[in-house]
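**Q** no sequence for this one, just the structure:
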Ligand SMILES: Nc1ncnc2c1ncn2[C@@H]1O[C@H](COP(=O)(O)OP(=O)(O)OP(=O)(O)O)[C@@H](O)[C@H]1O
């Protein structure tokens with residue numbers, strides 16, 4: 001059975017470009033309930049740890065620098081089949097390949113600076129939520 005929880009970050013590009021409100025609006029319109037929400041900033045160490053599965057990829061250094069470069073919005077979201085339905089809402093990693101109407105198509109700058117993160121499994125959603133939020137911050 002698919003879980004009801006996913007984790008997202010509005011990445012530094014979309015925060016800097018003034019898209020927090022529009023992105024949260026799209027998320028709400030799509031039926032996701034916000035369970036936790038904050039404006040925060042990743043340290044370099046946080047970003048390295050969060051993306052450590054990509055440590056061997058050629059873009060890892062660039063990704064860590066970007067993700068720690070400015071404020072982000074972290075959120076825990078609830079919906080039926082949350083991980084898959086959220087990844088459909090955000091669209092392909094590269095905004096050039098993302099479907100019309102998806103968050104990345106509308107708001108991302110590039111394949112690296114791509115506006116939003118979405119968990120890729122139920123297990124990672126829970127790990128990522130607990131990386132960013134204490135239990136009492138999730139409602
Ligand atoms: N070729 C690339 N060049 C630069 N950055 C990249 C590249 N591919 C991926 N990234 C960055 O690394 C992140 C993680 O890559 P991954 O392949 O897991 O994509 P994703 O699952 O769509 O993204 P996310 O994990 O952020 O939801 C991407 O969201 C993007 O910010």
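**A** Okay, I see it. Just so you know, these numbers come straight off a predicted model, no measurement behind them.
**Q** Show me where the chain dips below the pLDDT cut-off.
**A** Counting by pLDDT under 70, the chain shows low-confidence ranges at 1.
**Q** Tell me which stretches of it form strands.
**A** In the chain, the strands defined using DSSP state E lie at 5-10, 33-40, 72-78, 116-118.
**Q** And the ones you listed: which comes nearest residue 104?
**A** strand 116-118 (6.6 Å; C-beta to C-beta). To be clear about C-beta, it is placed using only N, CA and C from the backbone, and glycine gets the same treatment.
**Q** Identify the residues contacting the closest one?
**A** With contacts defined as C-beta atoms under 8 Å, 6 or more residues apart in numbering, strand 116-118 is touched by 6-11, 14, 23, 83, 86-87, 89-90, 103-104, 107-108.
**Q** what do you get for stretch 46-62?
**A** Identification of contacts with stretch 46-62 by C-beta under 8 Å, 6+ apart yields 42, 63-65, 67-68, 112, 128, 131.
**Q** What parts of this protein come near the ligand?
**A** Within reach of the ligand by C-beta under 6 Å from any ligand atom, the chain has these residues: 54, 59, 62-63, 93, 111-112, 114, 117-118, 120.
**Q** would you list those residues in TSV and tack on neighbour count?
**A** Formatted as TSV, those follow (neighbours: other C-beta atoms under 10 Å):
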residue	neighbour count
54	13
59	12
62	12
63	18
93	14
111	14
112	16
114	23
117	20
118	24
120	14
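**Q** which one among those residues gets closest to residue 18?
**A** Of the residues of the chain next to the ligand, the one sitting nearest to residue 18 (C-beta to C-beta) turns out to be residue 114, at 16.5 Å.
**Q** For that closest one, which residues are in contact?
**A** 11, 13, 93-95, 104, 108.
**Q** hmm, 6 Å instead?
**A** Residues near residue 114 by C-beta atoms under 6 Å, 6 or more residues apart in numbering: 104, 108.
**Q** Also residue 105?
**A** 91, 95, 98.
**Q** Mind giving me the ChimeraX select for those residues, buried ones only?
**A** Here is the ChimeraX command that selects the buried residues among the contacts of residue 105 (16 or more other C-beta atoms under 10 Å):
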select :91,95,98
